[in-house]
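Chemist: The following comprises the amino acid sequence and a computationally predicted model.
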Amino acid sequence: MTDSRVARPSGPFRPGDRVQLTGPKGRLHTVTLREDGELHTHQGVLRHRDLIGLPDGSVVANSSGHDYLALRPLLRDFAMSMPRGAAIVYPKDAAQIVMQADIFPGAIVVEAGVGSGALSLSLLRAVGPVGELISFERREDFADVARGNVETFFGEHPDTWRVVVGDLVESLPNEVEPGTVDRVVLDMLAPWECMDAVADALTPGGVVLCYVATATQLSRVAEYIRGTGLFTDPDASETMVRGWHVEGLAVRPDHRMVAHTGFLLTARRLAPGAIAPSVKRRASKSSYGDDDVEAWTPGAVGDREISDKNLRKRAREAEKAAEGARLAAASRDSGHATE
């Protein structure tokens, strides 16, 4: 991407810029500026040429005198409003993926599947102008939607992006040399089916990250990764975001929050022939694993055990408090009777 406008979306508005307009009552409109363009609403007409040349963050009035705030949309704004062929990776998860997978400038990253391209946007920004993102998608129609969204956001097809239509297991060996990929991000129903091909492609120390929706998928891919013996022990997490209403002294959590959208599971590729140190585990005493049993012991949930002596002391204190309450009640009753 050689256009400085694409690399640094700032400065005065120009024809071809995408602009997010916030009108009366907070209603949003996103337009691509044209010299002869107009935004028509039931509250009047706003001419694009009234915006061209103004700095980001300007306020303009339409033909009826209604003010509109004009800003270039942020990546999160674009991702949430762009056309979708498949469900998108939410901004909260995309941010965690970039951090947990350690996507760095110059990295060679493989992504599957591409979906609508929301995650591709974040990955392309993270790899920078000298990295490479190779996105695999089984469906041509989804790939077309993703290409359109990415090209709309950047203004062109990034030189650092390749879209491969096909199955990852079959196509990956033809696209990359073994041991040359820095990071692999899998957003698919059955990521365990691709793990052997991913292991061959990853460089030692490289990261694989799986984005899955259900606990069943999470369990299966984690156990498969452990079974290969080619990766470090996987680490799993999820991210929840709760907004807050802050207006004067009215400070409270929002009534709605973006809770579970998916699980993230990461592991790192071991060097050829390396065997990770085994994790010592006690023999299972039930159908649950040791970690499951330990997680629900009183100590793990913060419930400290109490000695018999302390328990008797608490009982005496409770009885004393109850006796005081009974005496207070009797005194009130006696006072009412003499009135």
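Modeler: Yep, that arrived. Numbers count the residues shown, from 1 in each chain.
Chemist: Quickly find the element holding the residue most central in space within the chain.
Modeler: The residue lying closest to the centre of the chain (CA atoms, centre = their mean) is residue 93, at 0.7 Å. Applying DSSP states H and E as the criterion places residue 93 in helix 91-100.
Chemist: Could you point out the helix or strand that follows that helix?
Modeler: Beyond helix 91-100 in the direction of the C-terminus, DSSP H and E gives the next helix or strand as strand 108-112.
Chemist: Against which helices or strands is that next one packed?
Modeler: In terms of contacts (3 or more CB pairs under 8 Å, 6 or more residues apart in numbering; DSSP states H and E), strand 108-112 is packed against helix 118-127, strand 132-137, helix 168-175, strand 181-186. (Glycine included, C-beta is placed from N, CA and C.)
Chemist: tell me how far the third one is from the chain's mean position?
Modeler: With CA atoms, centre = their mean, to the nearest Å as the basis, the distance from the averaged C-alpha position of helix 168-175 to the chain average is 26 Å.
Chemist: Could you do the first one as well?
Modeler: Distance of helix 118-127 from its chain centroid, counting by CA atoms, centre = their mean, is 12 Å.
Chemist: Give me the neighbour count for the residue lying closest to residue 187 once chain neighbours are set aside.
Modeler: Distances taken as CB to CB, 6 or more residues apart in numbering place residue 211 nearest to residue 187, at 4.5 Å, with adjacent residues excluded. Other residues near residue 211 come to 21 when the count uses other CB atoms under 10 Å.
Chemist: The helix holding residue 93 - contacts with which helices or strands?
Modeler: Judged by 3+ CB pairs under 8 Å, 6+ apart, the packing partners of helix 91-100 are helix 75-81, helix 118-127, strand 202-212, strand 263-268.
Chemist: quick one on the thing from earlier: arrange the helices and strands packed on strand 108-112 in CSV, one row each, with mean pLDDT as further columns.
Modeler: Formatted as CSV, the entries for the helices and strands packed on strand 108-112 read as follows, by pLDDT from 0 to 100:
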stretch, mean pLDDT
helix 118-127, 96
strand 132-137, 97
helix 168-175, 95
strand 181-186, 98
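Chemist: okay, those in a markdown table with mean neighbour count and distance to residue 69 next?
Modeler: As requested, the helices and strands packed on strand 108-112 are exported to a markdown table (neighbours: other CB atoms under 10 Å; distance: least, CB to CB, whole Å):
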| stretch | mean neighbour count | distance to residue 69 |
| --- | --- | --- |
| helix 118-127 | 24 | 24 |
| strand 132-137 | 25 | 33 |
| helix 168-175 | 16 | 43 |
| strand 181-186 | 26 | 35 |
